[in-house]
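Participant: below: sequence and its predicted model.
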Amino acid sequence: MRYHQSGNIPPKRHTIFKSPEDKFYYEQLFGTEGFHGISSLLYHIHRPTQIKSIGEPKDVSPKIAVSKNVTPRMFKGMNVTPEDDFMDSRKFLMVNNDLKMGLSKPRKSMDYFYKNAECDELLYVHNGSGILKTFVGDLEFSVGDYMIIPRGTIYQVELNSDDTVFFVVESHSPIYTPKRYRNEFGQLLEHSPFCERDIIAPTFKEPKDEKGEFLIKVKKENQITDFIYATHPFDVVGWDGYFYPYKFNIKNFEPITGRIHQPPPVHQTFEAHNFVVCSFCARMYDYHPMAIPAPYNHSNIDSDEVLFYTEGDFMSRNHIDLMDFTLHPGGIVHGPHPGAMERSIGKKFTEEYAVMVDPFRPLQITEEAIKVEDPSYKTSWLEGEDHSLEDRSQE
């Protein structure tokens, strides 16, 4: 992240700051990892602590169907059920102690505010568009946008249509751009596949000076609790720092290619504790005269591998539909489907887009995932048999 400033702030932090009407503004430190991690300072018209009431918590723990998984699996995201409510639509398919991931298909804009009080959120926009409204400004989003929302951010989502689809990751640790792409000052390096110009901060909006009853749904420890506050949470007159939501579009990722097949780390886009996120994008294939563009067989001994297919055709997988997830558990060899390696030879370019998440601890499978699983996937590498999986794909 880089330093950003919006609105009005005092010349010195932790000092008196008043409105033109000689009323105090109220400073808030917004950060993570205690007082050590990156942070921002927000200045509110009203004290941001004015709770009027707190409701009973609602348990939203994912229900685990398979706690110890060694089976390759495919989940048909197209079959995940949409819901009217933004939070009800969040269906987690795979979880561990570091993250939860799944799909969200909300049909209606939010008429309340929301704060995840323990997880950073990654929302990847598979379909639809709208506005992410936050207490530090707005982000307009559309297809291909990654939105990184730090824990503690109060936000609303306004949708432009009822067919929006988000790929959702909740992370118990901060989500950052990869450290190996940055120098000791935090600047993205020349060989990084994206740069600061590609990272879009929120557009500042005039503060809401309103009193009343404002519902903020707060999520913590797999419970959502309704908080009623006495003032509008978007009353920030200015802020500065390094900690804020932002967006990055997958089509601004510049793929690193080579004469022979490049391993998945060249596609890395984000990292957190015990997992990474990679972007497979349209790119030139390998250009050695004897190159095999299809990925080689590999066993990912130390991590599971999840791919979410979002656009294009995927050469190494047979019968992959958009919105599908594939899961390959650590320690189990996987690779191209029969015929995919041979088909790939001589191909020059791919138009695929997919998001990959590699957790370094095993994933558990939820009941929501089992509802949309294609059970034929685990045997789809057998040769010489007629499977329900037809030829199309790439990893």
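Facilitator: Good, I have the coordinates. Treat the numbers as computed from the prediction; the structure is a model and nothing was measured.
Participant: for the helix or strand where Thr269 lies, packing partners?
Facilitator: Assigning secondary structure by DSSP states H and E places Thr269 in strand 268-272. Contact partners of strand 268-272 among helices and strands, from 3 or more C-beta pairs under 8 Å, 6 or more residues apart in numbering; DSSP states H and E: strand 145-149, strand 275-280. C-beta: built from backbone N, CA, C; applies to glycine.
Participant: okay, those in a markdown table with mean pLDDT, distance to Ile345 and mean neighbour count next?
Facilitator: As requested, the helices and strands packed on strand 268-272 are exported to a markdown table (pLDDT from 0 to 100; distance: least, C-beta to C-beta, whole Å; neighbours: other C-beta atoms under 10 Å):
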| stretch | mean pLDDT | distance to Ile345 | mean neighbour count |
| --- | --- | --- | --- |
| strand 145-149 | 98 | 33 | 23 |
| strand 275-280 | 96 | 19 | 23 |
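Participant: and the strand holding Thr269, what's its mean pLDDT?
Facilitator: Averaged across strand 268-272, the pLDDT comes to 97.
Participant: pull the CA atoms of that strand into CSV?
Facilitator: Presented in CSV, the C-alpha positions along strand 268-272 are these (Å, rounded to 0.1, in the frame of the first residue of the first chain):
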residue,chain,number,x,y,z
GLN,A,268,1.0,-14.3,-7.7
THR,A,269,-1.1,-11.2,-7.0
PHE,A,270,-1.7,-11.1,-3.2
GLU,A,271,-0.4,-12.9,-0.1
ALA,A,272,-1.6,-13.4,3.5
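Participant: that one vs strand 145-149, what angle?
Facilitator: 20 degrees (axes from the mean of the first three to the mean of the last three C-alpha atoms, to 10 degrees).
Participant: Provide the partner residues of the residue most central in space within the chain in its beta bridges.
Facilitator: Nearest residue to the geometric centre of the chain (C-alpha atoms, centre = their mean): Leu122, 2.2 Å. On the basis of DSSP bridges, Leu122 is bridged to Ile148, Val169.
Participant: correct me, but it touches Asp145?
Facilitator: No. Using C-beta atoms under 8 Å, Leu122 makes no contact with Asp145, being 10.7 Å away.
Participant: Gln262 contacts Phe280, doesn't it?
Facilitator: No. Applying C-beta under 8 Å, one finds Gln262 not in contact with Phe280, separated by 10.9 Å.
Participant: so how far is Ile148 from Lys347?
Facilitator: According to C-beta to C-beta, to the nearest Å, Lys347 and Ile148 sit 33 Å apart.
Participant: now do Tyr296
Facilitator: 32 Å.
Participant: alpha carbons of stretch 217-233, as CSV, please.
Facilitator: Taking C-alpha atoms only, stretch 217-233 is exported to CSV below (Å, rounded to 0.1, in the frame of the first residue of the first chain):
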residue,chain,number,x,y,z
LYS,A,217,-24.0,-5.6,11.2
VAL,A,218,-20.7,-6.6,12.8
LYS,A,219,-19.2,-10.0,12.1
LYS,A,220,-16.8,-11.6,14.5
GLU,A,221,-16.1,-15.2,15.5
ASN,A,222,-18.6,-16.5,13.0
GLN,A,223,-21.4,-14.4,14.5
ILE,A,224,-23.2,-11.4,13.1
THR,A,225,-24.5,-8.9,15.7
ASP,A,226,-26.7,-5.9,15.0
PHE,A,227,-25.4,-2.7,16.4
ILE,A,228,-27.5,0.5,16.4
TYR,A,229,-25.5,3.7,16.3
ALA,A,230,-26.7,7.2,17.0
THR,A,231,-24.8,8.8,14.1
HIS,A,232,-24.2,8.0,10.4
PRO,A,233,-20.9,6.1,10.1
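Participant: pLDDT weak spots in this structure?
Facilitator: Where the chain drops to pLDDT under 70, the residues are 315-316, 318, 384-395.
Participant: do a quick rundown of the helices in it.
Facilitator: For the chain, helices defined by DSSP state H occupy the ranges 340-344, 367-371.
Participant: Lys68 and Asp286: what is the separation?
Facilitator: In terms of C-beta to C-beta, Lys68 sits 37 Å off from Asp286.
Participant: more crowded one of these two?
Facilitator: Neighbours per residue (other C-beta atoms under 10 Å) separate Lys68 from Asp286, with Asp286 holding more: 20 against 8.
Participant: tell me how many other residues crowd the nearest residue to Pro10 once chain neighbours are set aside.
Facilitator: Nearest residue to Pro10, sequence neighbours excluded (C-beta to C-beta, 6 or more residues apart in numbering): Phe17, at 4.1 Å. Using other C-beta under 10 Å, Phe17 is surrounded by 18 other residues.
Participant: in the stretch 151-300 of the chain, which spans are strands?
Facilitator: 154-159, 165-171, 211-220, 223-231, 236-241, 246-249, 268-272, 275-280, 283-284 (DSSP state E, counting those that start in this stretch).
Participant: need these in TSV (columns: distance to Ile9).
Facilitator: Listed next are the strands of the stretch 151-300 of the chain as TSV, based on distance: least, C-beta to C-beta, whole Å:
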stretch	distance to Ile9
strand 154-159	19
strand 165-171	29
strand 211-220	24
strand 223-231	20
strand 236-241	4
strand 246-249	19
strand 268-272	29
strand 275-280	32
strand 283-284	42
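Participant: nearest to Asp22, of these?
Facilitator: Taking C-beta to C-beta, strand 236-241 is the member of the strands of the stretch 151-300 of the chain nearest to Asp22, at 14.3 Å.
Participant: and that closest one with strand 154-159, angle?
Facilitator: 100 degrees.
Participant: now do strand 236-241: distance to the chain's middle.
Facilitator: The chain centre lies 24 Å from the centre of strand 236-241; the measure is C-alpha atoms, centre = their mean, to the nearest Å.
Participant: with just CA atoms, put it into CSV.
Facilitator: C-alpha atoms of strand 236-241 as CSV (Å, rounded to 0.1, in the frame of the first residue of the first chain):
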residue,chain,number,x,y,z
VAL,A,236,-15.5,11.3,8.0
VAL,A,237,-14.4,14.8,7.0
GLY,A,238,-10.9,13.6,6.1
TRP,A,239,-8.4,10.9,6.5
ASP,A,240,-4.8,9.9,5.7
GLY,A,241,-2.6,6.9,5.9
